[in-house]
Each structure stands twice: as structure tokens, then as C-alpha cells.
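Engineer: return atomic coordinates for the entry below.
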Amino acid sequence: MRPVSEIIVHCTATPEGRPVTVAEIDHWHHARGWSGIGYHRVIGLNGERWVGRPLEKIGAHCEGHNTGTIGVVYVGGLAKDGRTPKDTRNDAQKEALLAELVDLRDRFDIKKVSGHREYAAKACPSFDASAEYDHLFEGRSKGFVPAIDHVLKRGDFGPDVVVWCGKLNAWRETMRMKAPLIPREDFDHDVEMATIEFQRQRRIVADGKVGPQTRGEMKLALAYKPPFRALG
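Structural biologist: Alright, predicted model coming up:
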């Protein structure tokens, strides 16, 4: 199991009372270029506690904070008009979400629970998760520092860029591509375009940035394995 220290709570941003399945969320996230469902746990309308992405795999649920976190989502989060943020959790969902948080806390010694809106300009999960659940983590969050994803991008400079260039070249060799990338410390236009080329080949978000998903795909690619899929 990878090291985890925080749970981030989300909503599916769907109208109150509308059923949503794990397979449906997986389809949404595939359409965004992700490796399938980005959440690790899903709380259904009737209090179901469904399994999403495997816990041991880094999620795709909170930009910049996927490393070291677990994503838990409840179905709902919008009023019936489909636009207005609303805490739509019913009693069954509240009970199930509470049980899920406590279970994850005790299994992995989680230090903190947060809402997605604490890390993004969004209403998600349409309620204050920290205010509601912090008492469950009392004594565990003292001095807590959120995990931040290490991302390489255009303009970065240093030995990490050299290492990434080396991996790009190794991958290009496995694909029998010509004109290897000249190793460099500057993440310039050429490195960005080579990264986009790799991402397109692996059918993930082609943004030219090297984050957890791109690094994971490179590891699989160099091992001659197919792209990762959250639900197998």
C-alpha cells in the first residue's frame, strides 16, 4: 500500500436523487483522458459503499493533491435544477460516509479529512467536510502538511528533467522511433512536445506535464505493459 495521510471528500455534482454508478463515473473520467474512475470509494444513494479505483493506486480526484490521498465521493451535490450546489446527502449516505471515513482512518492512520473545495475553486462537495469531520481526526492533524504532487512542466530546470528525458528516449527506443531527444536540464518546447507524444500514445491527458499519471504510464510502458485502467 502506498503512503496515505489524507482523505479528500467529493460529490459527483449530479442532481439530487439521480442514481449514479461506479461504471458511469468510470466512463466520465475515461472521456476526460484519465485512466478511469479517479475516486477510490463511492457512496451511493442508498448508502452503498462501492469500490472505485484500487486504494493502492494514486487517484485522479484533486489536481495537485493525488499523491498521499484517498478520494471518497458521494452521489449528488446539486439541487434538482442540476446547477445549484446543495448538500444532498440523505441519512443513509451520511451514515455510510461516516463509516467509510472512520474505516479508512483506522486502516491507514489517516491524519486529515478535507473537502475538494479546500484545494480548488469549486463548491464540491457542497458542504464543509473539515468542519463536520475534523473531530474524528482530533490529535491526528497537529502539524499536518498536505501532500503535493511533484509535477514537471515547461520552464522547469534541473536533474529531474534530465531523468525524464532519459525515460522518453528509452520509450522511443521501445517504439522504434527515430531521432532520440537530446538530454537536457531545461524542460523546453522539445521536451514538452515529446511528452505530449508519449501521452497521446498512452491515451491519457496530453497536456505536456509530467505528473503522477504520466510517470505511472511511463513505468508501465518501459515494462511493455498496456495502459493502466482503474477498473481493470
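
Engineer: only C-alpha atoms for contact and neighbour calcs from this point on.
Structural biologist: Fine.

Engineer: shaky segments in the chain?
Structural biologist: 139 (pLDDT under 70).

Engineer: show me what the helix ranked longest in it is packed against.
Structural biologist: In the chain, taking DSSP state H as the definition, the longest helix is helix 91-108. Counting contacts by 3 or more Cα pairs under 8 Å, 6 or more residues apart in numbering; DSSP states H and E, helix 91-108 packs against strand 41-43, strand 49-51.

Engineer: now for the last one, which elements pack on it?
Structural biologist: Using 3+ Cα pairs under 8 Å, 6+ apart as the contact test, the elements touching strand 49-51 are strand 41-43, helix 91-108.

Engineer: C-terminal to that strand, what's the next element?
Structural biologist: strand 69-74 (DSSP states H and E).

Engineer: just checking: what are the partner strands of that following strand?
Structural biologist: Here strand 69-74 has these sheet partners by DSSP bridges: strand 6-11 (parallel), strand 41-43 (parallel).

Engineer: and for the helix or strand that it is followed by, what's in contact with it?
Structural biologist: Proceeding C-terminally, strand 69-74 gives way to strand 77-78 as the next helix or strand, assigned by DSSP H and E. Contacts of strand 77-78 with the rest of the structure, by Cα atoms under 8 Å, 6 or more residues apart in numbering, involve 11-16, 84-89, 124-126.

Engineer: and strand 77-78, how far out from the chain's middle?
Structural biologist: Put simply, strand 77-78 sits 20 Å off its chain's centre (Cα atoms, centre = their mean, to the nearest Å).

Engineer: same question for stretch 28-38.
Structural biologist: 10 Å.

Engineer: excluding residues flanking it in the chain, which one is nearest Glu192?
Structural biologist: Gly208 (5.0 Å; Cα to Cα, 6 or more residues apart in numbering).

Engineer: which residues touch the one you found?
Structural biologist: With Cα under 8 Å, 6+ apart, Gly208 has these contacts: Lys153, Arg154, Glu192, Met193, Ala194, Thr195, Ile196, Gln199.

Engineer: what is the burial count for Glu95?
Structural biologist: 13 (other Cα atoms under 10 Å).

Engineer: next one: it from Ile8, what distance?
Structural biologist: 17 Å (Cα to Cα, to the nearest Å).

Engineer: give me the nearest residue to the residue positioned nearest the centre of the chain, chain neighbours excluded.
Structural biologist: Central residue of the chain (Cα atoms, centre = their mean): Ala60, 1.7 Å from the mean position. Leaving aside its sequence neighbours, Ala60 sits nearest to Gly38 (Cα to Cα, 6+ apart; 4.1 Å).

Engineer: isn't the one you found right up against Gly71?
Structural biologist: Yes - between Gly38 and Gly71 a contact is recorded at 7.5 Å, counting by Cα atoms under 8 Å.
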